[in-house]
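K.L.:
All I have is the shape, not the residue letters:
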């Protein structure tokens, strides 16, 4: 009689199933949230570097310190490191698929063609996203780097 009652008693089944499924469900939701937040952080970093390039283009006589300040302020992220590795006169060298900047001087003629050296700025910013879920950093990269090179004149 007791075994027959226990076989048909299903009151705690939903609680046991929820206990088994909840950690997997919460991990999945947390991973989706981390992915979205990381993607948003990368977008903010891209926007910040673009703002730095626009500032440099509109103010060609600016210094690298001012460009770095613009990038950091435009990112709205804490922990962004920005550098301006190249700011000055350069010629474009290398191949069409992989162009490089070759140091030059104002008014100099570039080797290989008859163009004069241009005034370029290269801006680079890095940001490391701290995930909510600790396992997210095992699945995807959490360090983002964005570089832009623009001709100012």
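P.N.:
Perfect, I can see it now. All figures in this text were calculated on a predicted structure; none of them were measured in a lab.
K.L.:
Spell out, range by range, the helices that occur in this protein.
P.N.:
2-8, 13-58, 64-75, 136-139 (DSSP state H).
K.L.:
any idea which of the ones you listed is most buried?
P.N.:
Burial of those is given as mean neighbour count (mean count of other CB atoms under 10 Å); helix 64-75 ranks first at a mean of 18. Glycine gets a C-beta too; all of them are placed from N, C-alpha and C.
K.L.:
Quick check: mean pLDDT of it?
P.N.:
Computed over helix 64-75, the mean pLDDT rounds to 94.
K.L.:
Show residues contacting it.
P.N.:
44-45, 47-49, 51-52, 55-56, 59, 80, 82-84, 87, 121, 123, 125, 127 (CB atoms under 8 Å, 6 or more residues apart in numbering).
K.L.:
Buried residues of stretch 135-152, list them for me.
P.N.:
136-137, 142, 144, 146, 148-149, 152 (16 or more other CB atoms under 10 Å).
K.L.:
Check these and tell me the two furthest apart.
P.N.:
136 and 152 (38.7 Å; CB to CB).
K.L.:
now this structure, which segments are flagged as low pLDDT?
P.N.:
Low-confidence segments of the chain, defined by pLDDT under 70: 1-9.
K.L.:
what's the burial count for residue 96?
P.N.:
Neighbourhood size, residue 96 [other CB atoms under 10 Å]: 6.
K.L.:
ok, now residue 62?
P.N.:
18.
K.L.:
switch to numbering from 692
P.N.:
In the new count, where the first residue is 692, that last one comes out as residue 753.
K.L.:
State the distance from it to residue 797.
P.N.:
16 Å (CB to CB, to the nearest Å).
K.L.:
List the beta-bridge partners for residue 835.
P.N.:
residue 818 (DSSP bridges).
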